[in-house]
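J.: Pasting a predicted model and its sequence here:
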Amino acid sequence: MIALLARYGLAVLLALAVAGKARRFTAFRLSLGRYGLYGPAARAGASTVVAVEALAAALAVSPAPAVLAGAAGTVLGTVFTGLQAFLLATGDRAPCLCFGTEAPVSAASFAQAAAVLAAGLLLLVSG
């Protein structure tokens with residue numbers, strides 16, 4: 001039961017993230033300048049993030065083994081949580097546009113990233 005909840009929780013979180021980024025794709029692409037990505041590199045980076053999130057969401061609801069969905073969620077969650085922690089630690093309150101909003105990086109955006117990580121880890125250990 002926990003694995004099923006983690007699978008669908010991960011899928012919903014990632015689907016919301018994809019929808020938010022897709023809805024405000026230009027703003028998301030421009031926000032990657034905070035990480036040194038500009039022009040074509042930002043376009044490629046933004047497209048890659050959206051595609052990987054969408055694929056991971058699809059994997060979470062597919063008949064693929066839970067451990068694969070867990071690995072995808074864990075990798076994405078680790079990267080996102082790490083970036084959020086870095087920005088919070090350095091005092092950089094740049095908008096993350098994680099779910100399509102331009103709210104500054106905060107404990108709430110950190111919690112969203114950590115939820116992706118937690119769902120991925122749950123799937124890894126239960127799968």
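T.: Great, that's in hand.
J.: For the helix or strand containing Tyr8, name the packing helices and strands.
T.: Here Tyr8 is covered by helix 2-23, with elements defined by DSSP states H and E. Helix 2-23 is packed against helix 39-61, helix 66-90, helix 107-126, with contacts defined by 3 or more CB pairs under 8 Å, 6 or more residues apart in numbering; DSSP states H and E. (C-beta placed from N, C-alpha, C; glycine too.)
J.: quick one: buried residues of it?
T.: For helix 2-23, the neighbour count (16 or more other CB atoms under 10 Å) marks 3, 6-7, 9-11, 13-21 as buried.
J.: Can you name the secondary structure element that comes next after it?
T.: helix 25-31.
J.: on that earlier part again, may I have the helix holding Tyr8 exported as CSV, CA atoms only?
T.: Presented in CSV, the C-alpha positions along helix 2-23 are these (Å, rounded to 0.1, in the frame of the first residue of the first chain):
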residue,chain,number,x,y,z
ILE,A,2,2.9,2.4,0.9
ALA,A,3,4.5,1.7,-2.5
LEU,A,4,1.3,2.4,-4.3
LEU,A,5,0.8,5.7,-2.5
ALA,A,6,4.4,6.7,-3.1
ARG,A,7,4.1,5.8,-6.8
TYR,A,8,1.0,8.0,-7.3
GLY,A,9,2.3,10.7,-5.0
LEU,A,10,5.5,10.9,-7.0
ALA,A,11,3.6,11.0,-10.3
VAL,A,12,1.3,13.8,-9.1
LEU,A,13,4.1,15.9,-7.7
LEU,A,14,6.1,15.5,-10.9
ALA,A,15,3.1,16.1,-13.2
LEU,A,16,2.3,19.3,-11.3
ALA,A,17,6.0,20.4,-11.7
VAL,A,18,5.9,19.7,-15.4
ALA,A,19,2.6,21.5,-15.8
GLY,A,20,3.9,24.6,-13.9
LYS,A,21,7.2,24.7,-15.9
ALA,A,22,5.4,24.2,-19.2
ARG,A,23,2.9,26.9,-18.5
